[in-house]
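1. give me the fold of what follows.
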Amino acid sequence: LRPDVAIIGTNAVHAQFGLSTPDEAEAEVKRAAVASARRVIVVADASKLGEESLVRFGGLDDIDALVTDGEPDADLSEALRVADVDLVRA
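-> Down below sits the predicted model:
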């Protein structure tokens, strides 16, 4: 598959570790979606920001936008800026 846009939820978004989830099978599917989509939008509520989970499925440089209801801390904000990720507060 080659989707135009993949909208992906995540359990954790971390400045260094990137995107992660506790489930290995879920991470495998999300990894494939991130790799094949033309544009990747990640959705995460404020409780997921700055957190790490067990299995990494992508880095911040793999995504185009992060939609969240929270305010990332300084480290995550800088990492998103460096990775050229659009931050959308919803």
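
2. any idea how many residues pack against Val88?
-> 11 (other C-beta atoms under 10 Å). Every residue, glycine included, has its C-beta placed from N, CA and C.

3. show the subsequent helix or strand relative to the longest helix anywhere in the chain.
-> Selection of the longest helix in the chain by residue count, based on DSSP state H, yields helix 24-36. With elements assigned by DSSP states H and E, the helix or strand that comes after helix 24-36 is strand 39-43.

4. all helices in this protein, in order from the N-terminus.
-> 24-36, 74-82.

5. how about these in CSV, adding distance to Val5?
-> Shown next, in CSV, are the helices of the chain (distance: least, C-beta to C-beta, whole Å):
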stretch, distance to Val5
helix 24-36, 10
helix 74-82, 19
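
6. in a markdown table, list these along with distance to Gly9 and mean neighbour count.
-> Formatted as a markdown table, the helices of the chain follow (distance: least, C-beta to C-beta, whole Å; neighbours: other C-beta atoms under 10 Å):
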| stretch | distance to Gly9 | mean neighbour count |
| --- | --- | --- |
| helix 24-36 | 9 | 15 |
| helix 74-82 | 17 | 14 |
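
7. Ala44: which of these is closest?
-> helix 74-82 (10.6 Å; C-beta to C-beta).

8. how many neighbours does the residue lying closest to Glu28 once chain neighbours are set aside have?
-> With C-beta to C-beta, 6 or more residues apart in numbering as the criterion, Glu28 has its nearest non-adjacent residue at 7.7 Å, and that residue is Phe57. Using other C-beta under 10 Å, Phe57 has 25 neighbouring residues.
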